[in-house]
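[1] Need a 3D model of the following:
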Amino acid sequence: MGLENGYLKKYFKGIIVKKLSDVETIPKKSNQHEYNATTKMKEIFGFDDRKFETDFLYIDDETNITAKNFLTWYDARRNHPTRSEYRLYYPSTKVSEMAKSGDSLFICVKQDDTILCIVAAKDATITSQLYWLFDITDNKAGKFTQNSLLNTDSGQLEFLARTILEQIGIAYEEDDSKGLLAELIGEFGNSFPKTTLFSSFARSLVKDVDPISEPDVALLKWFDMDEKLFFLMEENIVKERLQQGFVENGEVNVKMFINFSLSVQNRRKSRAGYSLENHICALLDANGIEYSHTPVTENRSKPDFLFPNIECYRNMDFNAENLTMLGAKSTCKDRWRQVLAEADRIDRKHLLTLEAAISTYQTDEMQDKHLQLVVPQQIHCTYTENQRQWLYSVADFLDEIKEKQRKTPYAAMLRL
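    Below you'll find the predicted structure:
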């Protein structure tokens with residue numbers, strides 16, 4: 001069964017998923033390198049023997065290993081008069097060597113009939129995210145399952161799909177049906193301004209939010225608009241630079257190309273975090289909350305946000321129970337542990353992230369380390385039911401801060 005609808009249809013014809021078993025991952029138990037077919041696989045691959053050009057990917061939250069080869073689809077009983085037995089043969093690669101029992105195998109058939117074959121590590125956050133992205137229930141029975149891709153009109157979660165697709169090597173196609181690029185160039189020309197100006201412009205284009213009554217919605221819509229604008233402008237800048245070429249004195253200048261490529265990558269890495277912080281500042285300002293942004297605490301640490309302010313934090317007479325620290329990371333991975341070393345006076349830390357479907361192993365450790373995760377309400381659906389009972393929404397966090405600041409109305413007067 002191919003894809004019937006959903007915005008991921010532009011990338012894939014169909015997705016097949018299964019949990020890998022010992023027989024499929026331990027050479028001593030089997031060296032066949034084959035998966036038996038199901039009816040759903042036949043609907044995607046057809047009935048003719050053929051080879052599919054395939055990109056193989058092994059991925060966990062820290063590792064990304066790739067290989068190129070072929071998957072072979074064939075009927076092992078092609079010459080039998082009444083029976084057929086379709087199988088999918090895979091070769092030995094660096095990716096197959098990494099596969100372990102319990103890992104998830106995602107066979108993604110692209111629109112050009114090439115295949116992306118992903119082995120996603122058991123219990124990794126990226127694995128949970130792929131199940132969410134492809135709208136497939138985590139299947140523990142070890143059988144192939146197939147589903148149409150996520151069909152959603154919620155632009156608020158589109159940036160999550162973009163982030164996950166990038167991790168598996170799929171370039172997200174940004175839609176500019178609303179003419180946002182023209183507005184960008186009209187405002188800034190064809191170059192990036194400071195991130196604060198860029199984020200402010202993004203917020204100005206979002207008209208239908210109330211950061212006081214709906215802080216979760218506001219934060220996501222602001223960030224999503226920021227992301228759309230960034231990638232539209234980046235594509236335009238990169239395209240223009242590539243058209244100019246990297247020729248100097250009649251020869252191709254490889255160093256010039258590498259420096260440009262690195263600048264693009266570095267800007268991508270840094271700007272998402274700054275963007276999120278910019279929008280959190282706007283949210284706090286709109287709600288009349290006192291805070292300090294990136295102050296310096298012990299050992300030259302710089303927590304993203306301190307409440308009510310750094311002056312209260314440095315005043316040892318100020319009750320530490322009324323202090324709050326908030327880290328901000330658009331994606332977590334293992335970097336959430338960095339927050340634990342910031343602001344020694346505060347035992348219970350908070351971390352706001354836009355990361356979807358963080359593994360239960362990670363969130364269990366966060367709870368054990370007294371770290372409260374804050375996630376916009378719309379992203380809670382990507383977490384398990386047990387995790388949702390513990391998660392804070394942005395509104396939950398703001399309510400807690402407002403309550404603390406109501407109890408200490410003279411906090412702002414304690415500045416030294």
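
[2] Dump stretch 197-217 to PDB, restricted to CA.
    The C-alpha coordinates for stretch 197-217 follow below in PDB (Å, rounded to 0.1, in the frame of the first residue of the first chain):
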ATOM      1  CA  LEU A 197      16.400  41.300  14.300                       C
ATOM      2  CA  PHE A 198      15.700  38.200  12.200                       C
ATOM      3  CA  SER A 199      13.600  36.700  15.000                       C
ATOM      4  CA  SER A 200      11.700  39.900  15.600                       C
ATOM      5  CA  PHE A 201      10.800  40.100  11.900                       C
ATOM      6  CA  ALA A 202       9.600  36.500  12.100                       C
ATOM      7  CA  ARG A 203       7.300  37.300  15.000                       C
ATOM      8  CA  SER A 204       5.900  40.300  13.100                       C
ATOM      9  CA  LEU A 205       4.700  38.000  10.400                       C
ATOM     10  CA  VAL A 206       2.700  35.800  12.900                       C
ATOM     11  CA  LYS A 207      -0.600  37.600  13.500                       C
ATOM     12  CA  ASP A 208      -2.900  35.100  15.100                       C
ATOM     13  CA  VAL A 209      -1.200  34.300  18.400                       C
ATOM     14  CA  ASP A 210      -1.600  35.600  22.000                       C
ATOM     15  CA  PRO A 211       1.600  35.000  24.000                       C
ATOM     16  CA  ILE A 212      -0.300  35.500  27.300                       C
ATOM     17  CA  SER A 213      -3.300  33.200  26.800                       C
ATOM     18  CA  GLU A 214      -1.600  30.700  24.500                       C
ATOM     19  CA  PRO A 215       2.200  30.800  25.200                       C
ATOM     20  CA  ASP A 216       2.800  27.300  23.800                       C
ATOM     21  CA  VAL A 217       1.100  28.100  20.500                       C
END
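
[3] pLDDT of it, averaged?
    For stretch 197-217, mean pLDDT rounds to 96.

[4] what's the distance between that stretch and the middle of its chain?
    With Cα atoms, centre = their mean, to the nearest Å as the basis, stretch 197-217 stands 21 Å off its chain's centre.

[5] Show me what counts as buried in it.
    Within stretch 197-217, the residues that count as buried by 16 or more other Cβ atoms under 10 Å are 198-203, 205-206, 209, 211, 214-217. Heads up, the C-betas are built off the backbone N, CA and C, glycines and all.

[6] just stretch 285-296 next, same as before
    For stretch 285-296, by 16+ other Cβ under 10 Å, it's 289, 291-293, 295.

[7] go on, stretch 45-60?
    Neighbour counts using 16+ other Cβ under 10 Å place 45, 52, 54-60 of stretch 45-60 among the buried residues.

[8] So which of the residues you listed sits lowest on pLDDT?
    The member of the buried residues of stretch 45-60 with the lowest pLDDT is residue 45, at 84.

[9] Quick check: closest non-adjacent residue to residue 224.
    Nearest non-adjacent residue to residue 224, counting by Cβ to Cβ, 6 or more residues apart in numbering: residue 159, 4.9 Å away.

[10] circling back to that earlier point, could you identify the pair within the buried residues of stretch 197-217 that is furthest apart?
    The span of the buried residues of stretch 197-217, defined through Cβ to Cβ, is set by 198 and 214 at 23.0 Å.

[11] so where's the stretch 301-416 of the chain shaky on pLDDT?
    409-416 (pLDDT under 70).

[12] which stretches of it form strands?
    Using DSSP state E, counting those that start in this stretch, the strands of the stretch 301-416 of the chain run over 305-307, 324-329, 349-353, 371-374.

[13] Off-centre distance for the last one?
    Meaning strand 371-374. Relative to its chain's centre, strand 371-374 lies at 18 Å (Cα atoms, centre = their mean).

[14] which helices and strands sit right next to it?
    If you count contacts as 3 or more Cβ pairs under 8 Å, 6 or more residues apart in numbering; DSSP states H and E, strand 371-374 packs onto strand 349-353, helix 360-368, helix 394-407.
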